[in-house]
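Trainee: can't give you the sequence, but here's the structure:
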DNA sequence: GATTTACTTAGCCATATGGCTAATAATCTT
DNA sequence: AAGATTATTAGCCATATGGCTAAGTAAATC
């Protein structure tokens, strides 16, 4: 179970690429459609798609002269899981600290 | 409500920095302690801390000649929320597709 | 079959990133 | 006060990143 968190996070560390992901949550689209809203030359935009694809966040197939792109869910879930776990650990520590604080408070109160 | 997702995600797009975050979920630590497990010169490591701090993921204060570092939760939650929402949208679409599929299936069955 | 459409490839450029060493500063410790 | 610790700053270097133009390929369309 290699973790591709490097690729996942760096792929999402760009507004153009996050916009593409957002767009793709509403359904697959052709490269030119994805490109349209972005004020950027097509080759530049293709690099972004390339990065998303090599991070495993999207996939694409060529249909005639058009390349259709769709989102891939699993990697998003993996990144989300990492964040969730870190937060859980952090909150767990807070809970223990808070329990400790209560314990100390109780000791102070009861002697 | 500016979103610092760029900074957040690119800060997490590095194993050294993710390791620091993981370590900090167990509690605050001095710079030299955080540095110890990493086979890297201290100035290089400091750049990583700097990036985490400017992304808002950690904070630090100097106590004597030691700098104590602790994690900051809110930004992690923000990044996690973004991922969660994208996944929710994506899954929502799948649900609608699946509902449509059922509808069509029903039509086929019932004429 | 010529033209348009939709990418694709090649290559250039500026800046950012992630590493290093060496020198400096500030604070303990002896 | 001297020395050891713990950063910090300055500056160098190689590679990665994100943008561009120009030229090429492959599939529709006229």
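Mentor: Right, received. Where do you want to start? Since we're looking at a predicted model, the values are computed, not measured.

Trainee: Determine which residue lies closest to the centroid of chain A.
Mentor: Averaging the C-alpha coordinates of chain A gives a centre point, and the residue nearest to it by C-alpha atoms, centre = their mean is residue A:76 (4.8 Å).

Trainee: What separation is there between that one and DNA strand D?
Mentor: Here the distance between residue A:76 and DNA strand D works out to 18 Å (C-beta to the nearest atom of the strand, to the nearest Å). All C-beta atoms are positioned from the backbone trio N, CA, C, and that covers glycine.

Trainee: what do you get for residue A:55?
Mentor: Taking C-beta to the nearest atom of the strand as the measure, residue A:55 falls 10 Å from DNA strand D.

Trainee: Quick check: phi and psi on residue A:37?
Mentor: phi -70, psi 0 (degrees, to the nearest 10).

Trainee: which residue sits closest to it, ignoring its sequence neighbours?
Mentor: Take residue A:37 and drop its neighbours on the chain: the residue closest to it by C-beta to C-beta, 6 or more residues apart in numbering or on different chains is residue A:19, 7.4 Å away.

Trainee: Show the pLDDT at residue A:5.
Mentor: Model confidence at residue A:5, expressed as pLDDT, equals 88.

Trainee: Which element, helix or strand, includes the nearest residue in space to it that is not next to it in sequence?
Mentor: Setting aside the residues directly before and after it, residue A:5 is nearest to residue A:82 in space (C-beta to C-beta, 6+ apart), at 5.9 Å. Under the criterion of DSSP states H and E, residue A:82 resides in helix A:73-110.

Trainee: Please apply the same query to residue A:60.
Mentor: Here residue A:60, judged by DSSP H and E, is contained in strand A:58-63.

Trainee: which bits of chain A sit near DNA strand D?
Mentor: Residues of chain A found near DNA strand D (C-beta under 7 Å from any atom of the strand) are A:10, A:13-14, A:16, A:39-41, A:43-44, A:47-48, A:51, A:64-65.

Trainee: What's the ChimeraX syntax to select whichever of those are buried?
Mentor: The following ChimeraX line selects those of those that are buried, judged by 16 or more other C-beta atoms under 10 Å in any protein chain shown:
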select /A:10,13,14,16,48,51
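
Trainee: and the residues of chain A next to DNA strand D as TSV, adding distance to DNA strand C, pLDDT and secondary structure?
Mentor: Conversion of the residues of chain A next to DNA strand D to TSV gives the following (distance: C-beta to the nearest atom of the strand, whole Å; pLDDT from 0 to 100; DSSP: H, G, I helix; E, B strand; the rest coil):
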residue	distance to DNA strand C	pLDDT	secondary structure
A:10	8	95	helix
A:13	8	95	coil
A:14	10	96	coil
A:16	15	97	helix
A:39	16	95	coil
A:40	12	97	coil
A:41	8	97	coil
A:43	3	98	helix
A:44	8	98	helix
A:47	8	98	helix
A:48	12	98	helix
A:51	13	97	helix
A:64	8	96	coil
A:65	4	97	coil
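
Trainee: Show me the shaky parts of chain A.
Mentor: Within chain A, the segments meeting pLDDT under 70 span A:1-3, A:93-111.

Trainee: returning to what we had before: can you pick out the most distant pair from the residues of chain A next to DNA strand D?
Mentor: With distance counted by C-beta to C-beta, no two of the residues of chain A next to DNA strand D lie farther apart than A:13 and A:64, which are 33.3 Å apart.

Trainee: Up against DNA strand C, what does chain A have?
Mentor: Selection of chain A residues close to DNA strand C by C-beta under 7 Å from any atom of the strand yields A:30, A:31, A:32, A:33, A:42, A:43, A:46, A:62, A:65, A:66, A:67.
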